[in-house]
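>>> Pasting the sequence and the predicted coordinates here, then a few questions.
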Amino acid sequence: MAKAIWNSTVLAESESYETVEGNIYFPLSALNREHFVESSTTTGCPWKGTASYFTVNVNGEENRDAAWYYPDPKPAADNIRDHVAFWRGVEISA
């Protein structure tokens, strides 16, 4: 079971996940959606495509752009379609 925790709150947990470049990508269905707000931030990766971000909100605290995903990944990264990864202090256990 993989878990993503921030501010003592489970943001996501799942028995199935993908690992790419050392990052665990959780299925979108594993997210506790009440903690996520779409961000306007995007970044690009030459082989994965354009990443979009979520800002995480827990107990009144905000962690801006702490989660990212590829809504339309390039073919080489299709295994992370509909999956989300975390950074910026979000603790991941697997």
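Received, thanks. Numbering: from 1, shown residues only.
>>> hey, let's count contacts and neighbours off CA atoms from now on
OK.
>>> Could you pull up phi and psi at the residue of the chain positioned farthest from its centre?
With distances taken as CA atoms, centre = their mean, the residue sitting farthest from the centre of the chain turns out to be residue 60, at 19.7 Å. Backbone torsions for residue 60, taken as degrees, to the nearest 10, come to phi 80, psi 0.
>>> quick one: contacts for residue 7?
If you count contacts by CA atoms under 8 Å, 6 or more residues apart in numbering, residue 7 has them with 58, 59.
>>> Would you check how far apart it and residue 58 are?
Distance of residue 7 to residue 58, given as CA to CA, to the nearest Å: 7 Å.
>>> Could you give the secondary structure assignment for residue 79?
helix (DSSP: H, G, I helix; E, B strand; the rest coil).
>>> Give me the pLDDT value at it.
Listed pLDDT for residue 79 reads 98.
>>> The chain: strands as residue ranges?
2-6, 9-14, 18-20, 23-27, 36-45, 49-58, 61-69, 83-86, 91-93 (DSSP state E).
>>> okay, the second one in PDB with CA atoms only?
The C-alpha trace of strand 9-14 is given here as PDB (Å, rounded to 0.1, in the frame of the first residue of the first chain):
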ATOM      1  CA  THR A   9      -3.500  13.900   6.600                       C
ATOM      2  CA  VAL A  10      -3.600  11.100   4.000                       C
ATOM      3  CA  LEU A  11      -3.900  12.700   0.600                       C
ATOM      4  CA  ALA A  12      -3.900   9.500  -1.400                       C
ATOM      5  CA  GLU A  13      -3.500   5.800  -0.800                       C
ATOM      6  CA  SER A  14      -3.500   2.800  -3.200                       C
END
